[in-house]
Every structure is written in structure tokens, then in C-alpha cells.
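model this:
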Amino acid sequence: MSLLIDDSEYLKTIEAIKQDIKSAQYKAVLSVNSTLILLYYHIGQVINEYKSWGNKFVDNLSRDIKLEFPAAKGYSVRNLKYMAKLATVFPDSVIVQEVLAQLPWYQNITLLDKIKNRDIHIWYAKKAIENGWSRNVLVHQIESKLYERQVLADKVSNFDHRLPAPQSELAQQTMKDPYIFDFITFKEDMIERDIEEALVKNVTRLLLELGKGFAFLGNQYHLNVGGDDFYIDLLFYNLNLRCYVVIELKTGAFKPEYAGQLNFYLSAVDGMLKKEIDNPSIGLLLCKSKNDLVAEYSLKDMSKPIGVSEYRVTSDLPEELKEQLPSIEDIQSRMK
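Below is the predicted model of the structure:
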């Protein structure tokens, strides 16, 4: 007696099993990595415990491990010193177990090399885990000073007064100032549309700079309001904030009338696109420069949540930073 199989139900079942397998494989890889990092951390603790034996101890240890485990990699003198450094910087094993062990070893080395402050080190580690950054992307975010732009920056917005507490805090954390569009080469005769087209052309880099949760919906997004046509520069949906995000680009300094225009766009998006399950839409004005006090006064009586940030393109960046940043192709290949 043969069983009748519902094709659609069968496909759903197979797909669910595939996802379970992928999830288990990912957890297995993560578990192996975590075990390795904790081993390295323990070896580092031992090296520090006997550091009075001098540098020869590390040299001999490297040689003896290789003799005992000839197929094992990662026990060079240089790597053993990084293990010791990890144990020195983080004497509390809890943060290593909960955070750093979730990162590949070479990302841990990158953080040890480039970040001197423990709290900032942990912040970047958590962001790398949260966003699934490759080592190259992590380097890019550190060298573009993401922490300073996202955490330390004195941001201009009215989020606190126009959004409920959980969403306002998340929106403020998501915002950066300035935004770094290092994949755009500035030209004297550039207009807003030129920058917009360059951002869309390199949407992978744009999404990387905006941060986790942004889904690109379109540029010059058409809205018909009472028979009149309007076009939004860039429209996104943020999955974490659960709302539409309208971005307007300006090649010059911030002007108060820009906030009024964006306020209108947000009203239109809320009225025409927003569903009941969505949170209020958020606007972001990106200008070449801004007077913070003028921007603050301009947003004070706006009814919609709006943030104002500056942006930087290639010509605005210090020469040493331009040379250190990875290429567009490099970033795109790492994110596939």
C-alpha cells in the first residue's frame, strides 16, 4: 500500500530538515572554534604563569608542541605570544567564554593588535559576532572609527521625543555621525543624484555602512500624493527597528527647510506604506556639513522622528585612512 504525499507539504518538510542540518553544522563549527579559543586562552595563562622562565620558554614550548603534534597548526612562537597577550588583557575568563570564543582566532588577533581599550575591544567583538563580519570587514570598521562615530558621536536627532523608549534608544544606537562613503570619489560638480547613484551602484557597501537590519527598497522611490508626484532619495526598511527609513542626501550644508521636506515624506510613507505592525517611520538627513545648533532647533518642533548626520566621501578622508581601507571588490567578495 503506497502513501499519498502532498508535494507542497513534502517540500516544506524537506526544507525544514535542510535548515536543521545547516543549523547543526553551524553550531558544530562554532563549538569547535570556541573549544580552540579556550585552549589558546588556557595556554596563554600557563605562559604568563611561568613568564619568569624568559623568552626561551616560549621558544621551547613551540618546538615541543610541534614535535608532539606535527600536523597541528597555530603553535608558532608568534601565535603563542598572542595567546599570552589575550590572557593578560582579559584575566577574567568569563568574557572570553561568552564573547571572544565566538570569534575566529585571527579576528581575536586583529582586535589585540588594533584596540588598546578593553571595553572598546569587547564592543567590536560583539558587533563582529552580531553582524557576522569577516576579518577584512572588522578591520575596515575599526579603521573607519565606527565606535567613535556610533557610540561617542554627539548625534543630532529628536528620536527621544518622537519615539517610544525602546525604539528611540535603538534608533539612536543605529545612527552614526559621520557616515563614511569611502567608495565614492568626490567631484566638485557633484549633485545629490550623483551621490545617490553611486550609493545604489555600491549597495553592498552602503548596507555595510548603515548597519545590521537594513533592507534596500529603492532610490527615487515614487509617491503620488493627491495627484502630485514626489520622489524619495533612498528608501529602506529596518528589520530591527521594524520601520521604514527614509534617507535624503544633500551635497551642501544642512538647511532648516530640509527637515520640513523630510517631515512631509515621513507623513506620506506612514500614510501610504506603513502597516499596523510597523513602528513609526524614521528619517535621516545626510549633509556634507551641519551646524549642530541650527539642526537641533530645526528638529525641535518637527512631528516626525528625524536624525541629521554628516557624511564623508573619499576626498574628505585622511590619506593614511584611504590607503588602509579595503577595496570595494574585497569587501563584496568577503560578504558573499
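
Residue nearest the middle of this structure, spatially speaking?
Closest to where the C-alpha atoms of the chain average out (Cα atoms, centre = their mean) is residue 211, at 4.1 Å.

pretty sure that one is touching residue 174, no?
Yes - between residue 211 and residue 174 there is a contact under Cβ atoms under 8 Å: 5.7 Å. Bear in mind the C-beta positions are built from the backbone N, C-alpha and C, glycine included.

that older thread, what's the residue nearest to the centre of the chain in contact with, if anything?
By Cβ atoms under 8 Å, 6 or more residues apart in numbering, residue 211 lies in contact with 131, 150, 174, 176.

most neighbours, which of those residues?
residue 176 (24 neighbours; other Cβ atoms under 10 Å).

Pretty sure that residue sits against residue 308.
No - taking contacts as Cβ under 8 Å, residue 176 lies outside contact range of residue 308: 11.9 Å.

Identify the residue nearest residue 244 in space, chain neighbours excluded?
residue 281 (4.1 Å; Cβ to Cβ, 6 or more residues apart in numbering).

what's around that neighbour, how many residues?
Count around residue 281 with other Cβ under 10 Å applied: 24.

Might you report the residue contacts of it?
The contact partners of residue 281, taken as Cβ under 8 Å, 6+ apart, are 243, 244, 245, 246, 266, 269, 270, 273, 274, 304, 305.

Mark which of the residues you listed are buried, thanks.
243, 244, 245, 246, 266, 269, 273, 274, 304, 305 (16 or more other Cβ atoms under 10 Å).

On the three-state scheme, the fourth one is what?
In the three-state summary, residue 246 is assigned as strand, counting by DSSP: H, G, I helix; E, B strand; the rest coil.

Could you work out the most separated pair of the contacts of residue 281?
Farthest pair in the contacts of residue 281 (Cβ to Cβ) is 273 and 305. Separation: 15.7 Å.

Let me see the ranges of the helices in the stretch 151-300 of the chain.
In the stretch 151-300 of the chain, the helices defined using DSSP state H, counting those that start in this stretch lie at 159-162, 165-174, 192-201, 203-210, 256-272, 292-300.

Ok, which of those helices comes nearest residue 77?
helix 203-210 (35.5 Å).

For the closest one, name the packing helices and strands.
strand 179-181, strand 214-225, helix 328-335 (3 or more Cβ pairs under 8 Å, 6 or more residues apart in numbering; DSSP states H and E).

what pairs with the first one, and is each one parallel or antiparallel?
Sheet neighbours of strand 179-181, with direction, are listed as strand 306-313 (parallel) (DSSP bridges).

quick check: mean pLDDT across the partner strand?
The average pLDDT for strand 306-313 rounds to 93.

Ok, stretch 92-108 next?
Mean pLDDT, stretch 92-108: 94.

measure it end to end?
16 Å (Cα to Cα, to the nearest Å).

What are the buried residues along that stretch?
Applying 16+ other Cβ under 10 Å to stretch 92-108 flags 95, 96, 99, 100, 101, 102, 103, 104, 105, 107, 108 as buried.

what's the answer for stretch 272-280, then?
For stretch 272-280, the buried set under the neighbour-count rule, 16+ other Cβ under 10 Å, comprises 273, 274, 279, 280.

Return the set of residues that bridge with residue 244.
For residue 244, the beta-bridge partners are residue 237 (DSSP bridges).
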